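>>> can't give you the sequence, but here's the structure:
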Ligand SMILES: CC(=O)SCCNC(=O)CCNC(=O)[C@H](O)C(C)(C)COP(=O)(O)OP(=O)(O)OC[C@H]1O[C@@H](n2cnc3c(N)ncnc32)[C@H](O)[C@@H]1OP(=O)(O)O
């Protein structure tokens, strides 16, 4: 009998997603998921096939889906050992329309019955980048058009965000109304839309005895499709969302739910950039912070940022300043230098304040060691991020892509990538 393993395929490889022109059906791009464990289980394998090909195709504008499953060989059932039913498994995650035709018919339908599409909600922002027009549409979950689109694309959250989950589309109207949904689209000169990414934001009710309807906006999901990643779309999309909530008088604070590492980087860099270029950090110096001469709390509130995220930006800005002034000093001189000592005190003070309960359980020497260790981890992380700022990586053009690709090759040979730990 053949070993069971020979009939198992890697679900991340077997599943291919594709985007298709809504007017010609032509394939525009293909890509694989990052995770399939929420659908096919922890091992991310599908049992019972040789050369299994699971194609999940989307019309690039309204994201109407089509699932097409094919294989070279399917294992014959032996007792209770049967091939997994891929379509049945995916029925839980895709709307019914995904199971109506094969890929060829799906493409033919697109080519022969093109219907023009406009994203749900209202147009929030238009921008042009490298000759392409991009639009951000702002919708509410209570809008049925928005629900339809979400029912088609929610599967992407499972496939690309670790620990991502569906949001409930058919909740009561009050709950639906708390969800803001933003869609990022490219728009062609012939007004054809191509979906690039989306974000969901939950507005928590914030009780205030004096003002009605205040909210804390929590950015819950944020996704840029792989063919569009690392081109600055995520940064520009994030900037536009933040600008929207900064202008909204009902929003008191903007938080992020469980950010992935790459999103946390993006957020750090864009928040720092906004605070610096917008003038909020004018007058921010180590001395001003140490002497409490800088109105940190007022600036934080105006920036609608949670404490920890704001503190990270302050510390990054101070470190950037220090590096510019005397970053070339040897480690030994930095250890003794007054300014570097002051910086370490500011960061350690903040770390201590935010982790007081955990640190209080350690004895004095352990506590000092732990603080020191955490400080160096934070400093390394800031240095890595500031290196990105120095190299102009936050939002760059095509020239930057090539320059950076060459640099990365060299970096990997020389020193590899720094290891990441949880942010503090
Ligand atoms: C709350 C949550 O939902 S957390 C989950 C967030 N989502 C995910 O993790 C899902 C999968 N990933 C994604 O959706 C995306 O990769 C995101 C949202 C994390 C980032 O979106 P992107 O569009 O790739 O971001 P953007 O391009 O602006 O920046 C990413 C990196 O590309 C760099 N970059 C920007 N433009 C370019 C360019 N033209 N060429 C090369 N690199 C570029 C940025 O500087 C940044 O690099 P760095 O991290 O070294 O500084």
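Great, that's in hand. Please read these numbers as outputs of a predicted model, since none were measured by experiment.

>>> per-residue confidence at the residue of the chain found nearest the ligand?
For the chain, the residue positioned closest to the ligand under CB to the nearest ligand atom is residue 234, at a distance of 2.3 Å. Where you see a C-beta, it was placed from the backbone N, CA and C, and this is true even at glycine. Reported pLDDT at residue 234 in the predicted model: 98.

>>> repeat for residue 353
With respect to pLDDT, residue 353 has a value of 92.

>>> any idea how far residue 334 is from it?
Residue 353 sits 24 Å away from residue 334, taking CB to CB, to the nearest Å as the criterion.

>>> higher neighbour count, those two?
A direct count of neighbours by other CB atoms under 10 Å for residue 353 and residue 334 places residue 334 higher, at 17 against 11.

>>> Let me see the contact set for the closest residue to the more buried one other than its chain neighbours.
Take residue 334 and drop its neighbours on the chain: the residue closest to it by CB to CB, 6 or more residues apart in numbering is residue 340, 4.6 Å away. For residue 340, the residues meeting the contact criterion (CB atoms under 8 Å, 6 or more residues apart in numbering) are 322, 329, 334.

>>> Phi and psi next, for the last one.
In other words, residue 334. As for residue 334, its main-chain torsions (degrees, to the nearest 10) stand at phi -60, psi -40.

>>> all strands of the stretch 51-200 of the chain, in order?
In order along the chain, the stretch 51-200 of the chain carries the following strands (DSSP state E, counting those that start in this stretch): 53-59, 65-70, 73-74, 122-129, 132-140, 179-187, 193-206.

>>> how about the helices in the stretch 251-400 of the chain?
Along the stretch 251-400 of the chain, the stretches classed as helices by DSSP state H, counting those that start in this stretch are 261-277, 286-290, 296-303, 307-326, 331-336, 338-354, 356-360, 364-390, 398-414.

>>> among these, which gets the worst mean confidence?
Taking the mean pLDDT of each of the helices of the stretch 251-400 of the chain, the lowest value is held by helix 398-414, a mean of 40.

>>> Show me which residues of the stretch 101-250 of the chain sit near the ligand.
On the criterion CB under 6 Å from any ligand atom, the ligand has as its neighbours in the stretch 101-250 of the chain the residues 160-161, 219, 221-224, 229-235.

>>> Which of those residues fall in strands?
In strands, judged by DSSP state E, the following of these are found: 219, 221-224.

>>> out of the residues you listed, who's nearest residue 358?
residue 219 (26.6 Å; CB to CB).

>>> How about the closest one: what's its closest non-neighbour residue?
Here the nearest residue to residue 219 in space, its sequence neighbours aside, is residue 256; by CB to CB, 6+ apart that works out to 4.7 Å.
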